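K.L.:
please work out how this folds:
(2 chains, ligands or ions: 2)
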Amino acid sequence: MSGPHKRPWNVIGKPSRRVDGRAKVRGETKFADDLYVPRMLWMKLLRSPHAHARIKRISKLEAEEVSGVKLVLTGEDMPIPFGILPVSQDEHALCLDRVRFVGDPLAAVVATDEWAAEEGVNALEVEYEPLTTIASPEEALATPEPRIHEYGDEGNVHKKVAFEFGDAEGSLASSERVFEDFFYYAGNTHLPIEEHATLAAVDPDGKLVVWSSTQTPHYLHRALAKVLGIPAHLIRVVATPNGGGFGGKSDPFNHEIACAKAALVLGRPVKICLTREEVFCVKKDGTIEGMTLETLLDGGAYWSYGVASTFYTGALQTVTYHIPRYGFRGCRAFTNKPPCGPKRGHGTPQPRFALEVQLDKIACELAIDPAELRLKQLAPSNSVTANWLRIGTMNLRQCIEKVVEGSSWKDRRAKLGPGRGLGLACSSYLCGAGLPIYWNDMPQTGVQLRLDRSGEVTAFCGATEIGQGSDHVLAACVAEILGLEPFDVRVVTGDTSLTPVDLGSYSSRVTLMMGNAAIQAAERARFLIADAASEKLGVPQDKLVFAGKRVFLAENPEKGLDWVAALVLAEAKHGTLGTVGSYKPPASPGHYKGAGVGPSAAYSYSAAVVEVSVDPANGWYRCEKIWIAHDIGVSINPVLARGQVEG
Amino acid sequence: MKNVHVALTLNGERVEVAFDPAKTLLEVLREDLGLTGTKHGCELGECGACAVLVDGVPVLSCLVLGVECEDREITSVEGLARGPELHPLQTAFADLGAAQCGYCTPGILCTAKALLDEKPQASRGEIAEALAGNICRCTGYLQIFEAVEEAAKRLREGSVRS
Ligand code: FES
Ligand code: FES
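P.N.:
Residues are numbered from 1 along each chain as shown, chains lettered A, B, ... in the order given. Ligands and ions are numbered 1, 2, ... in the order given. Prediction:
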C-alpha cells in the first residue's frame, strides 16, 4: 500500500474481530433461507431418476390439481440456454427434451407451502425413454454414440487441448531417466453446510429481485437477464451471506432461474431451498484424472471436467518448480454425472497432487531428500514460466524451510519405523484469474465510498461474503487509508443494484482485487479531505496524517482536526462526498490461444509436512500432525488468515 | 392437517404457538416463531446446525417434533446474549475467528453452552467430544475449540463484555 505519508499500519495485519462477527454469533446474519416475506410461496423441483433419458411426455394436470399448487413450470417455459462460460451455454433452467444425470431438474412446482409443492412434484407424470449411460470418461471415449451433447470435438469428447512450450517431447528422449505414473483423483463435492436457497419477488416498482446464496451475483444477474428475456437493469440480484461456498455456489443455477420465473409469472414472492440430497446433485467436482508426467521437467496429459478446469489442470503446474520445457494435453469427456464445477482450487490441486507424489517417487528412486529435490528447482521470483505466466514474489523456499525445520524433517524423515512416516508437498494458487470469465476491458471489481458530515463512511462493493471475511477486508482497507477502525466503516456488498460490479467470490480473487479497488477509492477520499483540512490548518497536504480518527500534522500531532470536523470541511469545500476505485489485473505476457487461463496478479504458495501412521492390519491411516507454511503476502487480519489456512 | 396449539418457554419467555403437528421444532422455531438463528444443514440429524437446548440439554431440533415441546424450556442462539451483551461464548467465537461463514455457529454455541454449564472446566478432549456431532466446513475446528476454552476461562473469571 502506498500513501503520501509513510506510517506504520494501524489496521492491516492486526488480529481483530471481523466486522460481521457479532451478527454471526448472535444468529442474526440473514442467509437466503432465513428470509420470510408475506404471501411467500414455495417451490420444489422434479429431478430425474435416470442418468440419461429422453423425456417423452410430462403431464402437469394432476399436479396442478393438488390443493395449494399455484404453478407448474417445465422446460418449455424457459427455453433459452445459459451457462457460466460464454462458450458453454448448454444448460436449461428445466430440461427440455433430455435429462443427462440423476438429479437433472425437469419441472418446478410452486405452492402455498413446501409440502403442497412436494405433493405436486409427486403428482407429475413423466414418461422417459432411457438412453445408454456413460459413467466414466474412459467409457465416454469408448462410446461415441449416443452423444450426450450434439456439440463437442467428437463423440462424447467435449474438448481436447494440447500445448507444448519448448521441445518437451524431445527432452523426454534426451533425458537420462523418464518417470511415468498414473494417478487417480476421486470425485468429491463442496459440502457447504448451508444448502442453496433463493427467494425471488417482484418489487413495488415491478422489477424482479432475487436474493440467493450465490458466490457470483453478477453472473447470476447476466444469466437471469438472458433466460428471462428481461433487460438486466430491471433485475436486482442480492447475494445473501453464504453459509460456505467452496465453489459450489459459483454458477448460475436452475433453481435460481426457475424461482425467478415463477415470481414473475405469479406476481408473488417464491422461495426454494434445496435439500441436502439435492445439494449433492447440483454440482460436484467429479474430477477423474489420469496424469502422465513424462519427465521430471515436463508436463503430461489430464482428464478433467469443465473447459476452464481442463485448462487449469495444465496451466498452473509451472509456477512452483522451474520447468523449462512443458507439454500438456487435456481432454474433457461427457459422462452422465452431475455437472462439475470449480472447487477449492479449480482443477489445480488434482494434478498438483500427481506432480508432488511423482516428485517423491523420483526422490526415492534417485535417493535424494524430497525437500532438497524441490528446493533445488524452485521457480524463481520475478520470472516468466515456459507457458508465459509472470511470477512476482515467490517465497516457497521459506515455506519449505519452515516446515522442514518445524517437523524436524532432517532428523526424523524415514526414521520413524514401519507404518509411520513424514511426507512433504508444495502448492500454489492464483490470487484471482487475470482475465474475466467473459471477455471485456472493464475492471474486474469496483468500490464506491460515500462519506458525509456525520462522519459515516459506507463502502459499496459487489463482492460476496461467503465466510471468507470479504466484508471485513473491505472495511479494513478503507479504514487503514482513512485512519479509522474497521468497525467505523459500514459495508454494503453483493447487490447488483446498489453496489458496483465485482465478478464474485471465486478464484481467490476478492482480497487482492477488491482490496486494491477499496484502497484506490479511499485514497481519493483522503485526498479530498486532506485538501480541505490543509487549507484550514494552513499546512501542505503531504504533511497530514490520517490516524486514530483524526487528521493531523505529522510533526505536531496536536495540530489537527477530528474526523467529523475534517469531513464537514471537505463536504463544504467539495460538495457531497463520494469516490470510486476499481481494479483490473495487469496484462499477461502470453499471447497464444489458451493463454488466458493461468495468469494472475500474484501467486500464493504453500508447503506442508504431514506425519502419517498406517495400521498394517487394515490399511487405515491416521494423520498425526501437519506442519504448514503459506506465502500469502500481507495478511489483512491474522485471525481470518489463520481460519483460511486451517479450514 | 389441523394446527395444534402449544405453549412453551422460549429463551426465558412464555410463548404460545399454533402449527401443523407434523412440523419439527426446527420448523416451528424458524417458520412459526420467526427465530431464524437456528439453521439447518441436512434435516436428517447429521450435521448439528439445528442444535438447540431443550431443558438445558442439546437436541437436534430437526429430529424433535414441535408437539413434543409443550411446557418445555427451549434455548436457541437468540437466547444466549443478555440484551446487547454477548454471552462469553459468543464473544470468544467472534474474537477468535471461530465463526467463518457462521452457519454452523448457532448449533455449536448452544451445544457448547450446555457443556460449559455442566462442566465449566471442560478439557480439550471433552470439548471435542461434545461438539463431535456439529459439522463445520469452514474452520477446521481448532479456532472453535480455542474459543470454547477461552469462553470457559472468561466464565470462570465471571467477566462478560459485548
Ligand atoms: S439439520 Fe438437524 S442435524 Fe442437520
Ligand atoms: S463456520 Fe462455516 S460451517 Fe462452520
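K.L.:
give me the three-state assignment for the residue nearest the centre of chain B.
P.N.:
In chain B, the residue lying closest to the centroid (CA atoms, centre = their mean) is residue B:110, at 2.7 Å. Under the three-state scheme (DSSP: H, G, I helix; E, B strand; the rest coil), residue B:110 adopts helix.
K.L.:
residue A:250 now?
P.N.:
At residue A:250 the chain is in coil, as set by three-state DSSP.
K.L.:
now what about stretch A:397-412, what contacts it?
P.N.:
A:369, A:371, A:374-375, A:378, A:422, A:424, A:426, A:605-609, A:611, A:625, A:627-631 (CB atoms under 8 Å, 6 or more residues apart in numbering or on different chains). Where C-beta positions appear, they are placed from N, C-alpha and C, glycine not excepted.
K.L.:
could I have the buried ones of those as PyMOL selection syntax?
P.N.:
Filtering the contacts of stretch A:397-412 down to the buried ones (16 or more other CB atoms under 10 Å in any protein chain shown) takes a single PyMOL command:
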select buried, chain A and resi 369+371+374+378+422+424+426+605+606+607+608+609+611+627+629+630+631
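K.L.:
so which of the contacts of stretch A:397-412 are in strands?
P.N.:
Taking DSSP state E, the ones among those that sit in strands are A:422, A:424, A:426, A:605-609, A:611, A:625, A:627-631.
K.L.:
which of the residues you listed are close to ligand 1?
P.N.:
When contact is defined as CB under 6 Å from any ligand atom, these do not meet ligand 1 at all.
K.L.:
ok, residue A:91 - contacts?
P.N.:
Listed by CB under 8 Å, 6+ apart, the contact partners of residue A:91 are A:81-83, A:254, A:339.
K.L.:
buried stuff in the longest helix seen in chain B?
P.N.:
Counting by DSSP state H, the longest helix found in chain B is helix B:142-157. Neighbour counts over helix B:142-157 (16+ other CB under 10 Å) mark B:143-152, B:154-155 as buried.
K.L.:
just stretch A:158-167 next, same as before
P.N.:
Going by neighbour count (16+ other CB under 10 Å), the buried part of stretch A:158-167 is A:158-159, A:161, A:163-166.
K.L.:
kindly report the same for stretch A:129-149.
P.N.:
Buried residues in stretch A:129-149 (16+ other CB under 10 Å): A:131, A:133-134, A:136-137, A:140-141, A:143, A:147-148.
K.L.:
please apply the same query to stretch A:440-447.
P.N.:
Under the neighbour-count criterion of 16+ other CB under 10 Å, stretch A:440-447 has A:443-447 buried.
K.L.:
elements contacting the longest helix of chain B?
P.N.:
Contacts defined by 3 or more CB pairs under 8 Å, 6 or more residues apart in numbering or on different chains; DSSP states H and E place helix B:142-157 against helix A:638-646, helix B:88-95, helix B:105-118, helix B:124-130.
K.L.:
least confident of those, on average?
P.N.:
Of all the helices and strands packed on helix B:142-157, helix A:638-646 carries the lowest average pLDDT, namely a mean of 89.
K.L.:
so what touches that one?
P.N.:
A:13-18, A:468-469, A:472-473, A:628, A:630, A:632, A:635, B:95-97, B:100, B:138-140, B:142-143.
K.L.:
check which helix or strand covers the residue in chain A that ligand 2 sits nearest to.
P.N.:
Of all residues in chain A, the one sitting closest to ligand 2 is residue A:193 (4.2 Å; CB to the nearest ligand atom). Assigned by DSSP states H and E, residue A:193 falls within no helix or strand.
K.L.:
so how many other residues sit close to it?
P.N.:
Other residues near residue A:193 come to 27 when the count uses other CB atoms under 10 Å in any protein chain shown.
K.L.:
so where's the chain uncertain?
P.N.:
In the absence of a named chain, chain A is used. Scanning chain A with the threshold set as pLDDT under 70 gives A:1-6, A:172, A:184-188, A:280-307, A:339-347.
K.L.:
if you could check chain B rather than the one you did, that'd help
P.N.:
B:159-162.
K.L.:
how is it carved up into domains?
P.N.:
As assigned by automatic domain parsing, chain B contains the domains B:4-78, B:88-156.
K.L.:
winner for burial among these?
P.N.:
Scoring these by mean neighbour count under mean count of other CB atoms under 10 Å in any protein chain shown gives domain B:88-156 as the most buried, with a mean of 22.
K.L.:
and it, is it in reach of ligand 2?
P.N.:
Yes: Domain B:88-156 is in contact with ligand 2 by CB under 6 Å from any ligand atom, via B:99-104, B:136-139.
K.L.:
where exactly do the helices run in the stretch 351-500 of chain A?
P.N.:
Taking DSSP state H, counting those that start in this stretch as the criterion, the stretch 351-500 of chain A contains helices spanning A:370-375, A:396-406, A:409-412, A:470-482.
K.L.:
residues contacting the closest residue to chain B within the stretch 251-400 of chain A?
P.N.:
Going by CB to the nearest CB, chain B is nearest to residue A:276 of the stretch 251-400 of chain A, at 4.4 Å. Going by CB under 8 Å, 6+ apart, residue A:276 touches A:195, B:41-44, B:46.
K.L.:
out of these, the closest to residue B:31 would be?
P.N.:
residue B:43 (12.9 Å; CB to CB).
K.L.:
wait, a strand at the closest one?
P.N.:
No: Residue B:43: not assigned to a strand; according to three-state DSSP it is coil.
K.L.:
and the residue nearest to it when sequence neighbours are not counted, its phi and psi?
P.N.:
What sits nearest to residue B:43 in space, not counting adjacent residues and going by CB to CB, 6 or more residues apart in numbering or on different chains, is residue B:62, at 4.4 Å. Dihedral angles of residue B:62 (phi, psi; degrees, to the nearest 10) stand at phi -80, psi -10.
K.L.:
with adjacent residues omitted, what lies nearest to the most centrally placed residue in chain A?
P.N.:
Closest residue to the average C-alpha location of chain A: residue A:506 at 1.6 Å, with CA atoms, centre = their mean. The shortest distance from residue A:506 to any non-neighbouring residue, by CB to CB, 6+ apart, is to residue A:250 (4.4 Å).
K.L.:
swap in residue A:393?
P.N.:
Leaving out its chain neighbours, the residue that sits closest to residue A:393 by CB to CB, 6+ apart is residue A:381, at 5.4 Å.
K.L.:
what's around the one you found, how many residues?
P.N.:
Other residues lying near residue A:381 total 12 when counted by other CB under 10 Å.
K.L.:
now do the one 4 residues further on
P.N.:
The burial count assigned to residue A:385 is 25, neighbours taken as other CB under 10 Å.
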